[in-house]
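*Asks:* Starting from these lines, generate the structure:
(one chain, ligands or ions: 1)
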Amino acid sequence: AGDAGEVAGLGQFKERAKKLRFGRSRIHNWGLFAQEPVDAGDIVVEYIGQLIRQRVADQREHQYLSSGIGSSYLFRVDEDTIIDATKMGNLARFINHSCDPNCNAKIINLDGQKKIVIYAKKDIEEGDEITYDYKFPLEAEKLPCYCGSKNCRGSLN
Ligand SMILES: Nc1ncnc2c1ncn2[C@@H]1O[C@H](CN(CC[C@H](N)C(=O)O)CC2CN(Cc3cccs3)C2)[C@@H](O)[C@H]1O
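*Replies:* Okay, the predicted model is just below:
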């Protein structure tokens with residue numbers, strides 16, 4: 001049923017990805033940290049996972065929620081395409097949200113394949129936590145945001 005989403009981004013950006021490590025985050029649980037400085041505009045990492053359709057994502061989100069995994073390894077690419085990093089992903093799935101992020105997530109189209117690449121929007125120092133704005137759709141049920149930024153919006157959604 002088209003469930004075997006082909007893996008998005010066979011990491012051809014791997015050689016350009018920066019040295020990263022995951023560790024305890026001041027924002028939430030685990031986070032991703034720069035192990036070397038990153039210049040503004042550089043690619044930090046590609047968000048790798050399975051490319052799936054909305055219908056499959058809905059089924060999986062239901063499964064993950066009922067098995068307590070939580071559904072936020074799902075990353076929306078466009079109105080009908082989601083990247084699911086739950087079963088097959090890379091360190092990018094540990095990136096936390098910030099209302100004053102040092103990166104942004106860009107959806108690029110590489111020979112017909114949609115990919116999500118996390119770029120540095122400002123110079124990043126070694127040891128900084130990598131963050132981007134999740135841009136979650138606004139919902140009634142709010143998820144509190146612990147990014148700690150001066151301009152924190154207070155919630156993720
Ligand atoms: N600024 C923020 N404020 C508050 N909460 C945040 C923020 N920014 C990320 N969040 C949480 O992080 C999830 C996004 N996660 C990023 C990595 C996460 N820190 C981790 O350790 O796994 C991935 C999802 C998959 N889930 C598995 C879980 C592990 C432990 C509890 S649930 C977490 C999000 O859905 C949120 O729940």
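*Asks:* Make sure Ser155 is actually in contact with Glu141.
*Replies:* No: judged on Cβ atoms under 8 Å, Ser155 makes no contact with Glu141 at a distance of 9.5 Å. In this view, the C-beta of every residue, glycine as well, is placed from N, C-alpha and C.
*Asks:* Of these two, which one has the most company?
*Replies:* Set Ser155 next to Glu141 and count neighbours by other Cβ atoms under 10 Å: Ser155 wins out with 14 against 6.
*Asks:* Now do that one, the pLDDT please.
*Replies:* pLDDT recorded at Ser155 is 95.
*Asks:* now Leu10
*Replies:* 46.
*Asks:* looking at this structure, which helix or strand does the model trust least?
*Replies:* strand 7-8 (a mean of 47; mean pLDDT, DSSP states H and E).
*Asks:* Moving C-terminal from it, which element do we reach first?
*Replies:* strand 20-24 (DSSP states H and E).
*Asks:* elements contacting that next one?
*Replies:* strand 30-34 (3 or more Cβ pairs under 8 Å, 6 or more residues apart in numbering; DSSP states H and E).
*Asks:* can you give me how far the strand it packs on is from the chain middle?
*Replies:* How far strand 30-34 lies from its chain's middle: 12 Å, per Cα atoms, centre = their mean, to the nearest Å.
*Asks:* Is stretch 138-147 positioned near the ligand?
*Replies:* Yes: counting by Cβ under 6 Å from any ligand atom, the ligand is contacted by stretch 138-147 at 145-147.
*Asks:* Pull out the buried positions in that stretch.
*Replies:* Going by neighbour count (16 or more other Cβ atoms under 10 Å), the buried part of stretch 138-147 is 145, 147.
*Asks:* Quick check: mean pLDDT of it?
*Replies:* The model assigns stretch 138-147 a mean pLDDT of 92.
*Asks:* where do the helices sit along the chain?
*Replies:* Ranges of helices in the chain, per DSSP state H, are 54-66.
*Asks:* Residues of it that sit close to the ligand?
*Replies:* 25, 27-31, 70, 72-73, 93-94, 96-98, 145-147, 156.
*Asks:* Beta-bridge partners for Lys106, please?
*Replies:* Val117 (DSSP bridges).
*Asks:* Roughly how far does it sit from Gly154?
*Replies:* Distance of Lys106 to Gly154, computed by Cβ to Cβ, to the nearest Å: 26 Å.
*Asks:* who's more crowded, the two?
*Replies:* Remark: of Lys106 and Gly154, Lys106 carries more neighbours, 13 against 9, as counted by other Cβ under 10 Å.
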